[in-house]
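Colleague: Mind looking at a prediction? Sequence and model below.
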Amino acid sequence: MKIAFIGVGIMGGGIVKNLQKKTNSTLNLYARNLSKIADLKNENTFLFSNIAEAVKESDITILCLTEDHLVEDAFFNRGILEYSNNLILDFGTTSPTLTKKMFEAAKKKGIQFFDSPMTGSKLAAESGEILFMIGAKKTECQSFQFILDASGKKTIYCDEVTKGQEMKIVLNMIQAGLLQVYMEGIVLSKKLGLETETLKEIISNSAAKSGLSEFKLNTISKKDYQANFSLKNMNKDLNHALNLANETKSSLALISTLKSIYNSGMNHNLGEEDFSALYKINEMMNEL
């Protein structure tokens, strides 16, 4: 098959490498800055600076973009809806409202569309350990399951369109809340004169241990805030969560408060760093 891959960034680059290794597909890659993906070009992988050209004659189009306005512009204005043939997958985290709009527009043109958001770090993308949440039943995914299998460790089927995105938004909201609790634990331990490394060891051997604590507490200790998942993207997903809470009249006391700390992180120009860089704001708030 010929696959058009639109948006080869932090996560997309790793996915493309696994598709190159594990499938026989031809890949048409689009990125705004082609010099950043020059190393991906080979006899079966072609680079494009124009979305419409990348999508033309492709069997499957994969979106791997970040913010809604970029997704909407690419989908409706840059040729994706016009030139896609059979199937469109959205690997990014997109609002359910826009997801529904894209689904309906694709359906009118006889094109299948599935929200297929993913979770995992840059390292997970490179090692093929991504988790996909897809707004479809398993039986609907047979024609493109090979893409998910090549890129990820597991696919969870969420039954119908938008439900994959809703699950991803809830998941990211939980992860943002968990990390803030861990960071506040570090702050209080420092105020008490406790050793952070000792606290990490205790967490690792208690019910407080999680995949998030094992990864992010180490990066915070090292002050290594290179983006695996950027603060600006987590901030965007918290906005999605709060919008859904407003629509469903849900009270999210913790996340509503946490959002103000993310706003501070954005105002201090931390958006391009990993979302664990929010620890810098916690330090400032506590004069550490």
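Modeller: All right, it came through fine. What you see is a predicted model, and the numbers here were worked out from it, not measured in a lab. Numbers count the residues shown, from 1 in each chain.

Colleague: doesn't residue 114 fall inside a helix?
Modeller: No: counting by DSSP: H, G, I helix; E, B strand; the rest coil, residue 114 is not found in a helix; it is strand.

Colleague: what about it, distance to residue 132?
Modeller: 10 Å (Cβ to Cβ, to the nearest Å). Glycine gets a C-beta too; all of them are placed from N, C-alpha and C.

Colleague: can you check residue 47 too?
Modeller: 25 Å.

Colleague: Which of the residues in the lowest-mean-pLDDT helix or strand in the chain are classified as buried?
Modeller: Least confident helix or strand of the chain, by mean pLDDT, DSSP states H and E, is helix 122-127 with a mean of 91. Residues 122, 124-126 are the ones in helix 122-127 that count as buried (16 or more other Cβ atoms under 10 Å).

Colleague: follow-up on the earlier one: who has more neighbours, residue 47 and residue 132?
Modeller: residue 132 (25 against 17; other Cβ atoms under 10 Å).

Colleague: and the more buried one, what does it touch?
Modeller: By Cβ atoms under 8 Å, 6 or more residues apart in numbering, residue 132 lies in contact with 91, 116-118, 148, 151-152, 154-156, 164.

Colleague: Could you list which of those residues belong to helices?
Modeller: In helices, defined here by DSSP state H, the members of the contacts of residue 132 are 148, 151, 164.

Colleague: Just name the closest of those residues to residue 75, please.
Modeller: Ranked by distance to residue 75 (Cβ to Cβ), the ones in helices among the contacts of residue 132 are led by residue 164 at 16.5 Å.

Colleague: Output the helix or strand where residue 283 lies in PDB with nothing but the alpha carbons.
Modeller: Taking DSSP states H and E as the definition, one finds residue 283 inside helix 279-285. Provided in PDB are the C-alpha atoms of helix 279-285 (Å, rounded to 0.1, in the frame of the first residue of the first chain):
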ATOM      1  CA  TYR A 279       8.300  21.500  38.100                       C
ATOM      2  CA  LYS A 280      10.100  24.800  37.400                       C
ATOM      3  CA  ILE A 281       6.800  26.600  38.200                       C
ATOM      4  CA  ASN A 282       6.300  24.500  41.300                       C
ATOM      5  CA  GLU A 283       9.800  25.600  42.400                       C
ATOM      6  CA  MET A 284       9.000  29.200  41.800                       C
ATOM      7  CA  MET A 285       5.700  29.000  43.700                       C
END
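
Colleague: And it, what does it pack against?
Modeller: With contacts defined as 3 or more Cβ pairs under 8 Å, 6 or more residues apart in numbering; DSSP states H and E, the packing partners of helix 279-285 are helix 163-191, helix 253-267.

Colleague: Pipe these into a markdown table and attach mean pLDDT and distance to residue 275 per row.
Modeller: Formatted as a markdown table, the helices and strands packed on helix 279-285 follow (pLDDT from 0 to 100; distance: least, Cβ to Cβ, whole Å):
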| stretch | mean pLDDT | distance to residue 275 |
| --- | --- | --- |
| helix 163-191 | 98 | 7 |
| helix 253-267 | 97 | 8 |
